[in-house]
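Trainee: Okay, here's the prediction I keep looking at, along with the sequence it came from:
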Amino acid sequence: MSTGTLSRVGFLCGLLAALTCAVAEDGLKQVEVGYQLRTAPVVITGVSYRGTRVPCGLLVNAGIGVPPVVQAVTPFFAGDDWLQQLTISLYNQTDKTVTQMSLALFFPETGEGTHDSPIRVGQISLGRLPDGVAKSIETHQPIQQDERIRPISFAPHQTVLIDLGAEIDRMKGALDNLPFRAITKCTIRMSSAFLDDKMKWTGSYWTPDANSPGGYKAMEKAYFPGPANHPWPPAAAQ
């Protein structure tokens with residue numbers, strides 16, 4: 001075999017190895033936004049992978065005079081570090097400032113969703129709990145919040161972007177070092193939020209109870225701290 005032929009064979013073998021490596025690193029991944037309530041203070045309006053929006057099951061406007069539709073959840077090709085490359089867009093649709101909020105990341109491949117086989121869930125918490133709210137679940141006594149937790153001031157009708165890179169790294173220990181390289185699916189939902197007047201949302205709204213220091217009382221189920229006719233889905237989701 002001539003030297004030129006050997007060179008071509010070597011080049012083709014190298015190219016094949018590179019292509020094989022690329023296929024091994026990139027695979028189909030899927031992110032979905034869970035069902036969102038119209039009365040939620042903060043809603044997820046988009047998810048991007050490396051700056052490009054991915055179809056993730058959002059409720060979106062189909063056009064003037066046409067009812068909103070649920071966007072298809074479409075898998076996309078990404079590397080093993082895809083979760084660290086995601087950006088979540090959040091919109092505050094109330095007339096109040098959000099000072100603390102939490103999101104949940106569900107990993108459906110980790111369990112069947114039963115008592116014996118639960119789905120692993122990671123939590124992302126942003127901002128500080130209002131004074132008098134941070135209490136131990138066991139003792140109901142005030143707890144000292146970590147001074148490293150930075151406060152947030154998420155203004156009404158504004159959008160913020162959450163980079164999942166650092167959040168995923170912090171989540172690993174809490175999930176017993178879940179092998180994130182093996183994860184290909186993720187569902188994202190809002191969990192809770194606190195507003196600047198200490199009102200909280202956990203699927204419905206609660207307001208501080210003046211007759212019970214540190215306690216809360218439920219608001220009416222239809223209560224929403226903003227315009228009654230606010231756009232739904234939000235324009236920010238388009």
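Mentor: Received it, and whenever you're ready, just let me know what you need. If you're wondering where the values come from, they're calculated on a predicted model, not measured in any experiment. Numbering: from 1, shown residues only.

Trainee: what helix or strand is the residue positioned nearest the centre of the chain on?
Mentor: Against the mean C-alpha coordinate of the chain, by Cα atoms, centre = their mean, the closest residue is residue 188 at 4.3 Å. Secondary structure assignment for residue 188, by DSSP states H and E: strand 185-195.

Trainee: following that strand, which helix or strand shows up next?
Mentor: strand 200-201.

Trainee: Just checking: what are the partner strands of that next one?
Mentor: In the sheet, strand 200-201 lines up against strand 185-195 (antiparallel), strand 205-208 (antiparallel) (DSSP bridges).

Trainee: Now distance to residue 80 and mean pLDDT too, for those, in TSV please.
Mentor: C-betas here are computed from N, CA, C, even on glycine. Listed next are those as TSV, based on distance: least, Cβ to Cβ, whole Å; pLDDT from 0 to 100:
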stretch	distance to residue 80	mean pLDDT
strand 185-195	13	96
strand 205-208	40	94
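
Trainee: secondary structure class for the nearest residue to residue 162 once chain neighbours are set aside?
Mentor: Nearest residue to residue 162, sequence neighbours excluded (Cβ to Cβ, 6 or more residues apart in numbering): residue 88, at 4.4 Å. Counting by DSSP: H, G, I helix; E, B strand; the rest coil, the backbone at residue 88 sits in strand.

Trainee: Likewise for residue 167?
Mentor: Quick answer, by three-state DSSP: residue 167 is helix.

Trainee: which residues in this protein form helices?
Mentor: 3-25, 164-174 (DSSP state H).

Trainee: rank the ones you listed by mean pLDDT and give me the bottom one.
Mentor: Mean pLDDT is lowest for helix 3-25 among these, at a mean of 44.

Trainee: What segments of this structure are strands?
Mentor: 27-33, 42-49, 52-53, 59-60, 69-70, 76-78, 86-92, 98-107, 120-127, 159-163, 185-195, 200-201, 205-208, 216-218 (DSSP state E).

Trainee: Same list, those, but as TSV with distance to residue 169 please.
Mentor: As requested, the strands of the chain are arranged in TSV below (distance: least, Cβ to Cβ, whole Å):
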stretch	distance to residue 169
strand 27-33	18
strand 42-49	18
strand 52-53	22
strand 59-60	31
strand 69-70	32
strand 76-78	17
strand 86-92	13
strand 98-107	13
strand 120-127	11
strand 159-163	11
strand 185-195	15
strand 200-201	28
strand 205-208	32
strand 216-218	33
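
Trainee: that older thread, just checking, the residue nearest to the centre of the chain touches residue 104?
Mentor: Yes: judged on Cβ atoms under 8 Å, residue 188 makes contact with residue 104 at a distance of 7.4 Å.

Trainee: Show me the shaky parts of the protein.
Mentor: 1-25, 134-140, 173-174, 177, 213, 238 (pLDDT under 70).

Trainee: okay, the strands of the chain, which one's buried deepest?
Mentor: strand 200-201 (a mean of 23; mean count of other Cβ atoms under 10 Å).

Trainee: Name the residues that touch that strand?
Mentor: Contact with strand 200-201 is made by 40, 41, 133, 192, 193, 194, 195, 206, 216, as judged by Cβ atoms under 8 Å, 6 or more residues apart in numbering.

Trainee: roughly how far out does it sit from the chain middle?
Mentor: 17 Å (Cα atoms, centre = their mean, to the nearest Å).

Trainee: Any idea what residue 47 is bridged to?
Mentor: residue 88.

Trainee: circling back: now do the same contact list for the residue nearest to the centre of the chain.
Mentor: 31, 32, 33, 34, 44, 47, 56, 88, 103, 104, 105, 106.
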